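1. Sequence first, then the predicted structure:
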Amino acid sequence: MSEHHDAPKAHEPHAAHKDPSKGPSSPSEINPKVSSDIAYWAKEFHVTSQVLHEAIRVHGTHVDKIRAALTHHT
C-alpha cells in the first residue's frame, strides 16, 4: 500500500473561525468575508458591522484608509 493509506486521516474543519479577541487575520487589511475580522475591526473603530461594511465598500480594505474614513464619520 502507498504511504497515504498507512495512517488514518485526521478530521480537520473546512475553515477555522478565528477568535476576534486574538486580533485580525492581517494588521493592514480587513477581510470582509471573515466574520471575526469584521467583529474585530468594528469593535476597534467603535462602529457597527454595517457601518464598517459600508466603509469597506466605499474606501477599500486597507486599515489606514478605513481608519481615516471612520475618523471623519464620528
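-> That came through fine.
2. Now do the buried residues in the worst-scoring helix or strand of the chain on mean pLDDT.
-> In the chain, no helix or strand scores lower on mean pLDDT, DSSP states H and E than helix 63-73, which sits at a mean of 91. For helix 63-73, the neighbour count (16 or more other C-beta atoms under 10 Å) marks 63, 66, 69, 70 as buried. Bear in mind the C-beta positions are built from the backbone N, C-alpha and C, glycine included.
3. State the helix or strand in which the nearest residue to the second one once chain neighbours are set aside lies.
-> It refers to residue 66. In space, and not counting its chain neighbours, residue 66 is closest to residue 55: 5.2 Å by C-beta to C-beta, 6 or more residues apart in numbering. Element membership for residue 55, per DSSP states H and E: helix 49-59.
4. Give me the buried positions along that helix.
-> In helix 49-59, counting by 16+ other C-beta under 10 Å, buried: 52, 55, 56.
5. Any stretches of the protein with poor pLDDT?
-> 1-21, 73-74 (pLDDT under 70).
6. just to revisit the earlier point, now distance to residue 28 too, for the buried residues of helix 63-73, in CSV please.
-> Output for the buried residues of helix 63-73, formatted as CSV (distance: C-beta to C-beta, whole Å):
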residue, distance to residue 28
63, 5
66, 11
69, 15
70, 16
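7. What are the phi and psi values at residue 32?
-> When read as degrees, to the nearest 10, the backbone of residue 32 gives phi -70, psi -10.
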